[in-house]
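Colleague: Just need the structure, nothing else, for what follows:
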Amino acid sequence: MRIEELYGPSIGTETPRGLKTLICRLDALLPGIRLRERLLALPKLSHQTIADFLGDNGHLNERILSILRTSEIRDLSLSSSLTDEEGLNIMSSNSLSVFGKHNSFLFLSYLDFGDVPLEDDQIMHIHHLPRLSRLILDNTGVSNEAMYHLVPLKRSLRFLSVSTNTKITNDSIFALTTLSRLEFLNIFDTEIDIKGVRQFARRLVEQDRITDLVLPLECEEYFDDIRSRYLVEPTPPLITEPELCGRLSAAALKRNLVAHAAVNRSIVASGTKAEMAERLRNLLTIRQDDLLIQERCT
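Modeller: Got it, this is the predicted structure:
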């Protein structure tokens with residue numbers, strides 16, 4: 001294997017001479033846009049500011065990324081570079097493969113693919129990046145499979161946004177909870193529903209951690225209306241623990257159900273003792289899970 005394949009092209013240090021050499025090389029790859037002049041006009045010239053400029057202007061193609069892959073760049077936004085005006089994918093397959101090369105982007109901590117159409121297996125090009133802590137995959141078309149491809153990032157990923165991806169469902173919850181250092185998760189406008197969010201919250205309790213969660217609109221509306229679904233704050237002699245239902249008399253079960261039915265007429269407060277116990281147990285379990293969501297998903 002050639003040295004350049006292993007370590008990437010030499011781009012020099014962040015000295016004035018090294019930066020000018022890099023700029024000349026980039027200018028040769030992007031002729032006709034006065035790139036050299038525009039980069040030299042940047043107030044604070046560095047590999048990062050050069051990458052920011054190229055990203056903002058949609059110039060991070062495969063050749064440019066190949067040149068920058070062994071720099072100490074920490075942030076990259078590829079949205080402008082990998083989509084055209086109609087939102088079509090231009091060259092993301094080849095561009096993403098650069099991230100999978102040896103010793104590529106080892107310092108990268110923030111990566112934004114927002115609005116770039118992706119295939120699930122393309123995520124494998126980035127799942128080894130050792131310092132990647134913030135990842136944006138909004139409106140990329142990825143599905144549950146992509147969430148499982150992110151599992152190798154469980155030691156580094158702290159911020160993940162996957163909003164506006166309707167192929168992400170409750171089946172992704174296990175993978176998402178495997179990301180044990182996650183502090184922020186945006187699942188707005190996905191197909192994850194309240195059952196999936198409850199599952200997520202239970203796993204957070206098992207892991208003894210808290211995650212800032214942006215919920216789908218349906219889930220937000222559920223919590224906005226929660227006081228009309230059951231009695232949120234039962235007081236003695238009413239019970240709050242689901243496991244106590246089997247110990248109550250039929251009269252006590254009915255008393256508890258009547259209290260919840262007072263705020264939600266759809267709750268049936270009659271039936272056999274076994275039926276009422278099961279109904280109350282299910283209701284209190286839902287209440288318990290909902291409180292976990294409010295406690296653990298800030």
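Colleague: Sketch out the low-pLDDT regions of the stretch 51-200 of the chain for me.
Modeller: Within the stretch 51-200 of the chain, the ranges that satisfy pLDDT under 70 run 84-93.
Colleague: Do a quick rundown of the strands in it.
Modeller: 75-77, 110-112, 134-136, 159-161, 184-186 (DSSP state E, counting those that start in this stretch).
Colleague: What's the local residue count around the residue lying closest to T177 once chain neighbours are set aside?
Modeller: The shortest distance from T177 to any non-neighbouring residue, by Cβ to Cβ, 6 or more residues apart in numbering, is to R203 (3.9 Å). All C-beta atoms are positioned from the backbone trio N, CA, C, and that covers glycine. If you count neighbours by other Cβ atoms under 10 Å, R203 ends up with 19.
Colleague: Then R203 would be within a helix, right?
Modeller: Yes: per DSSP: H, G, I helix; E, B strand; the rest coil, R203 lies within a helix segment.
Colleague: any idea how far it is from R209?
Modeller: As judged by Cβ to Cβ, to the nearest Å, R203 and R209 stand 9 Å apart.
Colleague: same check, this time on I33
Modeller: 47 Å.
Colleague: more neighbours, those two?
Modeller: Using other Cβ under 10 Å as the criterion, I33 and R209 rank with R209 on top: 14 against 11.
Colleague: tell me which element that one falls in.
Modeller: Per DSSP states H and E: R209 is located in neither a helix nor a strand.
Colleague: Please verify my assumption that it contacts L185.
Modeller: No: under the criterion of Cβ atoms under 8 Å, R209 makes no contact with L185, lying 11.7 Å away.
Colleague: thought the residue nearest to T177 was touching L179?
Modeller: No: counting by Cβ under 8 Å, R203 does not reach L179; the two are 10.6 Å apart.
Colleague: Doesn't D212 lie inside a strand?
Modeller: Yes: under three-state DSSP, D212 falls within a strand.
Colleague: for the nearest residue to it once chain neighbours are set aside, what are its contacts?
Modeller: Distance criterion Cβ to Cβ, 6+ apart; nearest residue to D212, sequence neighbours excluded, is F184 at 4.5 Å. With contact set as Cβ atoms under 8 Å, 6 or more residues apart in numbering, F184 has these partners: R158, F159, L160, S161, T211, D212, L213.
Colleague: and F184, bridged to which residues?
Modeller: F159, D212 (DSSP bridges).
Colleague: that older thread, I'd like the strands of the stretch 51-200 of the chain laid out as TSV, including distance to V142.
Modeller: Putting the strands of the stretch 51-200 of the chain into TSV (distance: least, Cβ to Cβ, whole Å) gives the following:
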stretch	distance to V142
strand 75-77	17
strand 110-112	14
strand 134-136	11
strand 159-161	11
strand 184-186	14
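Colleague: burial measure for the closest residue to V116 other than its chain neighbours, as a count.
Modeller: Leaving aside its chain neighbours, V116 sits nearest to L82 (4.3 Å; criterion: Cβ to Cβ, 6+ apart). Around L82 there are 23 other residues, counting by other Cβ under 10 Å.
Colleague: now swap in D112 and tell me
Modeller: The local packing of D112 (other Cβ under 10 Å) involves 19 other residues.
Colleague: who's in contact with it?
Modeller: Applying Cβ under 8 Å, 6+ apart, we find D112 in contact with L76, S77, L78, S79, I136.
Colleague: That one bridge partners, please.
Modeller: Legend: beta-bridge partners of D112 under DSSP bridges are S77, I136.
Colleague: circling back to that earlier point, give me whichever of the strands of the stretch 51-200 of the chain is most buried.
Modeller: strand 134-136 (a mean of 21; mean count of other Cβ atoms under 10 Å).
Colleague: which residues sit against it?
Modeller: For strand 134-136, the external contacting residues (Cβ under 8 Å, 6+ apart) are 109-114, 126, 150, 153, 157-161.
Colleague: Try it again at 10 Å.
Modeller: 74-75, 77-79, 108-116, 123, 126-127, 129, 150, 153, 156-163, 179, 184, 186 (Cβ atoms under 10 Å, 6 or more residues apart in numbering).
Colleague: now do stretch 287-298
Modeller: 183-185, 194-195, 197-205, 207-215, 219, 222-223, 226, 229-234, 240-242, 260.
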